[in-house]
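Student: Okay, predicted coordinates and the sequence, questions at the end:
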Amino acid sequence: MSIHPTAIISPEATVGENVEIGPYSVIGPDVQIGEDSVVGPHAVIEGPTKIGSNCHIFQFAAIGAPPQDLKFEGEKCPVIIGDNNTIREFVTIHRATSSDIGMTFIGDNNLLMAYCHVAHNCKLGNNIVMANAANLAGHIHVEDYAIIGGLSGAHQFTRIGCHAMISGTSAVNQDVPPYVIVAGNHARLYGLNIIGLKRRGFSEKTLENLKKAYRIVFRSSLLLSEAAKKIREEIKDSPEVWQDLKVFTESDTES
């Protein structure tokens with residue numbers, strides 16, 4: 001363990017093996033930092049916050065501050081961060097209120113570039129990239145492998161689907177379906193994220209099924225229930241459409 005003598009660490013914090021903590025960083029009570037993680041200089045981590053193993057938190061990051069929510073009444077709702085995450089300079093991640101999922105959650109293998117903000121009650125999956133100064137308002141769910149372009153902002157309570165790509169400087173005020181590209185202010189659909197899906201190893205058959213489902217849902221005049229019925233009839237062997245696309249209500253998929 002390598003802890004700089006100017007760092008301030010609460011005796012109520014838990015620091016794992018082989019953790020490095022840089023000069024002038026502040027680690028508050030009820031903070032857990034997993035083994036092999038690195039906390040750069042001047043970072044501030046407040047509790048309750050749990051950080052996994054092999055995370056790298058760069059200088060001036062601020063994690064675990066109270067939420068910017070006028071309904072907040074001091075409840076102890078944590079920030080939970082998984083393993084192998086990179087959190088760059090000046091990133092801010094806020095604790096949650098007791099509503100919704102009651103925590104701010106970030107999974108594994110994510111990259112949050114400089115100046116990003118993750119607000120209270122957000123839930124991020126795995127392998128997500130947030131480019132510089134991307135901002136998430138409260139209660140946003142981001143699914144695996146999504147990419148959020150620099151200087152983009154997402155409205156509270158929106159959902160960003162897996163493998164979706166949000167272009168830089170976009171303003172997201174509605175849910176972003178999985179597998180698609182959106183761009184603009186306000187953001188609108190620009191088709192499937194074909195290049196990204198190929199890089200992730202999606203088969204040609206899966207890509208064709210996704211293209212067909214996209215055309216049925218977004219390029220036809222069918223109601224959502226009608227589109228769901230048509231997809232049930234025409235695309236029967238694509239779990240990506242049914243398990244991940246999530247463009248149908250539960251009643252649609254179960255009926």
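Tutor: Received, thanks.
Student: mind checking how far residue 116 is from residue 21?
Tutor: 22 Å (C-beta to C-beta, to the nearest Å). Placement of C-beta: from N, CA and C, glycine included.
Student: likewise residue 72?
Tutor: Counting by C-beta to C-beta - residue 72 and residue 21 are separated by 28 Å.
Student: Among the two, which residue is more densely surrounded?
Tutor: residue 21 (26 against 17; other C-beta atoms under 10 Å).
Student: For that one, which residues are in contact?
Tutor: 2, 3, 4, 7, 9, 15, 27, 39 (C-beta atoms under 8 Å, 6 or more residues apart in numbering).
Student: phi, psi of it?
Tutor: phi -130, psi 120 (degrees, to the nearest 10).
Student: what's the answer for residue 223, then?
Tutor: Dihedral angles (degrees, to the nearest 10) for residue 223: phi -70, psi 160.
Student: neighbours of it, just the number please.
Tutor: Residues near residue 223, counting by other C-beta under 10 Å: 9.
Student: distance of it from residue 242?
Tutor: 19 Å.
Student: Show the pLDDT at the most centrally placed residue in the chain.
Tutor: In the chain, the centroid-proximal residue (C-alpha atoms, centre = their mean) is residue 124; its distance is 2.9 Å. pLDDT for residue 124: 98.
Student: so who does it touch?
Tutor: Contact analysis of residue 124 by C-beta under 8 Å, 6+ apart lists 105, 106, 107, 110, 118, 141, 142.
Student: Could you take those residues and lay them out as TSV, with extra columns for secondary structure and neighbour count?
Tutor: As requested, these are exported to TSV (DSSP: H, G, I helix; E, B strand; the rest coil; neighbours: other C-beta atoms under 10 Å):
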residue	secondary structure	neighbour count
105	strand	19
106	strand	25
107	coil	21
110	coil	25
118	strand	29
141	strand	19
142	strand	28
